[in-house]
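# I would like the atomic coordinates for the input below:
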Amino acid sequence: MKLKTLSVLLLAGVALAGCHRLDPNSPLAKRQAVFKQMLHASEDMGGMLRGRIVFDAEKFRADSVKLNELAGQPWQYFPTSKPTDEGGDSRAKDELWQRQLEFQADSKTFQQAVTALEANTRAATPTAEGVRKDFAAVEDACEACHKKFRAL
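Presented below is the predicted three-dimensional model:
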């Protein structure tokens, strides 16, 4: 009896999990994929600057180059008006669709901060103290946009 009940619950869970698959070609899936790549590139940089990971100048430089390559990509996947159904778990607040000019300005601020960080790492061998201010500007730009336009 218990095995039968457990089997039914397990099958129901698998069936429900399959219902929430995101179309990989949807704008939501594309921007989420880029943001995940950006997070992956920046996680180690933050870890190096906070002492969780040993600072590696070449890895920091490579990650800043990767982050700069990605920084301009996700914005194209945000439509100018709120989609009726994006078919997934979007964390975008309604404010994003209502304040498009501000959102676009914030995305430009982020891109400029990332470009400055990458330029700094290209100009000389990065040091933790030499990149700390530029990386903080990148994090601040992320946080400012998230506070306004992303539901937690």
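# Okay, now the unreliable bits of the protein?
Low-confidence segments of the chain, defined by pLDDT under 70: 1-21, 86-88.
# repeat that for 90
Within the chain, the stretches with pLDDT under 90 are 1-27, 79-97, 150-152.
# ok, and the closest non-adjacent residue to the most centrally placed residue in the chain?
Ranked by distance to the mean C-alpha position of the chain (C-alpha atoms, centre = their mean), the top residue is Phe35 at 2.8 Å. Nearest residue to Phe35, sequence neighbours excluded (C-beta to C-beta, 6 or more residues apart in numbering): Pro74, at 5.6 Å. For glycine as for every other residue, the C-beta is placed from the backbone atoms N, C-alpha and C.
# From the rest of the structure, what touches the helix or strand hosting Glu69?
Assessed by DSSP states H and E, Glu69 sits inside helix 57-70. With C-beta atoms under 8 Å, 6 or more residues apart in numbering as the test, helix 57-70 has contacts from 34, 37-38, 41-42, 44-45, 48, 114-115, 117-118, 120-122, 125-127, 131, 138.
# Now, these that are in helices?
Among the contacts of helix 57-70, the members found in helices (DSSP state H) are 34, 37-38, 41-42, 44-45, 48, 114-115, 117-118, 120-122, 131, 138.
# Give me the buried entries from these.
By neighbour count, with 16 or more other C-beta atoms under 10 Å, the ones in helices among the contacts of helix 57-70 hold 34, 37-38, 41-42, 44-45, 48, 114-115, 117-118, 120-121, 131, 138 as buried.
# before we move on, the earlier item: continuing past the helix holding Glu69, what's the next helix or strand?
Helix 57-70 is succeeded, C-terminally, by helix 94-98 (DSSP H and E).
# Tell me which other helices or strands that next one touches.
Here helix 94-98 touches helix 128-149, going by 3 or more C-beta pairs under 8 Å, 6 or more residues apart in numbering; DSSP states H and E.
# Distance of Pro126 relative to Ala136?
Distance of Pro126 to Ala136, given as C-beta to C-beta, to the nearest Å: 14 Å.
# And the two? Which one has more around it.
For Pro126 and Ala136, the more surrounded residue by other C-beta atoms under 10 Å is Pro126, and the numbers stand at 25 against 14.
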